[in-house]
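1. predicted structure and sequence below. I'll ask about it afterward.
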Amino acid sequence: MRAARFVDPSGAERIGRYADEGVVDAGPAGVGGFVPSAEGWDEVEAASGPEYALDEIRLLHPVVPAKLIGIGLNYRDHAAESELDVPEVPVVFAMWPSALVGQGAPIVVPRDETRPDFEGEVAIVLGRTVKNVSAEEGLAAIGGFAPFNDVSGRRAQLETPLRQFTIGKSFDTFAPMGPCVASVDGVDLDALDVRTTVSGEVLQDSSTRDLIFDFGRIVSYLSTGITLEAGTVVATGTPGGVGDTRDPRRYLEEGDVVDVFVSGAGTLTNPVERER
């Protein structure tokens, strides 16, 4: 089961049951977009409204979270290519939800950002609110997952003296997510394929088998002393192959198209533009 948030031909924001050929309308979108709770999935499964072809609608990022959280260095090959030790606990940073965009929306690189990079990831979405939970409870709280591109302004992130992760990860449009959120029912989250293609060239090709911290442990760690509301989005880290560690380096350029594929959830596609 997959769910999408979209703008219908009349301009209204809706939720629907997503398939590769179109979306079946399930009703109006709430303030938080789609929350992959048991009730949310029931509503999507029961969708009986009009069916729209994908070229009739505009897909939005499926979730409107109160918290958007990133995890760094969570694949062994990415830690190795970054020449950093495998961390003992998850590396956490914040992203502003205003950076989120959906399927097909352009990634707009700010004028002063000279090192825009791609990071294909799996984003997990909580289906219920948690705090101070175990890894087992954290895993059970995950209601959905989606392709995510943690676009990174490496100049802002790494070249400033204090390493401005929040700014470098939170430029407008730097958090594409979609095209949908997929249910975790019957899915092995420890065996998801993750692949990033830039303008036809596969640059990242990995699996969540290579994760350092699995999704349950991540949720548990983040929930220690912090309430994670239903709908919270966690980008769980990127595999090796990012542009900043390549020789020669491969940064995003105007005219590029970035595809992030996650098995079971589809492909997120976004073109790249420079800010005018």
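-> Right, received. Where do you want to start? Quantities reported herein were computed from a predicted structural model and do not represent experimental measurements.
2. nearest residue to the one residue sitting closest to the centre of the chain other than its sequence neighbours?
-> The chain has Phe148 as the residue nearest its centroid, 2.5 Å off, counting by CA atoms, centre = their mean. Counting by CB to CB, 6 or more residues apart in numbering, Ala123 is the residue found nearest to Phe148 once chain neighbours are left out, at 3.7 Å. Glycine gets a C-beta too; all of them are placed from N, C-alpha and C.
3. kindly report the domain assignment for this structure.
-> 2-60, 68-274 (automatic domain parsing).
4. pLDDT below threshold where in the protein?
-> The chain contains residues with pLDDT under 70 at 161-162.
5. which residue ranges of it form helices?
-> Ranges of helices in the chain, per DSSP state H, are 38-45, 76-81, 135-140, 154, 165-170, 215-222.
6. quick check: which of these is buried the most?
-> helix 215-222 (a mean of 22; mean count of other CB atoms under 10 Å).
7. quick check, Ser263 in contact with Asp188.
-> No: using CB atoms under 8 Å as the test, Ser263 is too far from Asp188 to be in contact (9.7 Å).
8. who's more crowded, the two?
-> Ser263 (17 against 11; other CB atoms under 10 Å).
9. for that one, give me its contacts.
-> Leu192, Asp193 (CB atoms under 8 Å, 6 or more residues apart in numbering).
10. what about it, distance to Ala175?
-> 21 Å (CB to CB, to the nearest Å).
11. okay, now Ser98: neighbour count?
-> So Ser98, with other CB under 10 Å, has 13 neighbours.
12. how about the nearest residue to it, chain neighbours excluded?
-> In space, Ser98 is closest to Asp172, 6.7 Å off (CB to CB, 6+ apart).
13. likewise for Asp259?
-> Thr197 (4.4 Å).
14. count the residues that sit near the one you found.
-> Neighbours around Thr197, by other CB under 10 Å: 19.
15. check the one 4 residues further on too.
-> Applying the criterion other CB under 10 Å, we find 9 residues in the vicinity of Glu201.
16. now swap in the one 4 residues further on and tell me
-> Here the number of neighbours of Asp205 (other CB under 10 Å) works out to 15.
17. so what pairs up with it in the strands?
-> Arg195 (DSSP bridges).
18. that older thread, distance of the residue nearest to Phe148 from Phe261?
-> 13 Å.
19. okay, the two: which has more neighbours?
-> Each of Ala123 and Phe261 has its neighbours counted (other CB under 10 Å); Ala123 has more, 30 against 19.
20. was I right to think Asn270 contacts Gly104?
-> Yes: the pair Asn270 and Gly104 qualifies as a contact (CB under 8 Å) at a distance of 6.8 Å.
21. higher neighbour count, these two?
-> Using other CB under 10 Å as the criterion, Asn270 and Gly104 rank with Asn270 on top: 25 against 16.
22. nearest residue to the more buried one in space, please, no chain neighbours.
-> With CB to CB, 6+ apart, the residue lying closest to Asn270 is Pro176, at 4.7 Å.
23. report the contact partners of that neighbour.
-> Per CB under 8 Å, 6+ apart, neighbours of Pro176: 61, 100-103, 105, 107, 148-149, 151, 258, 260, 268, 270.
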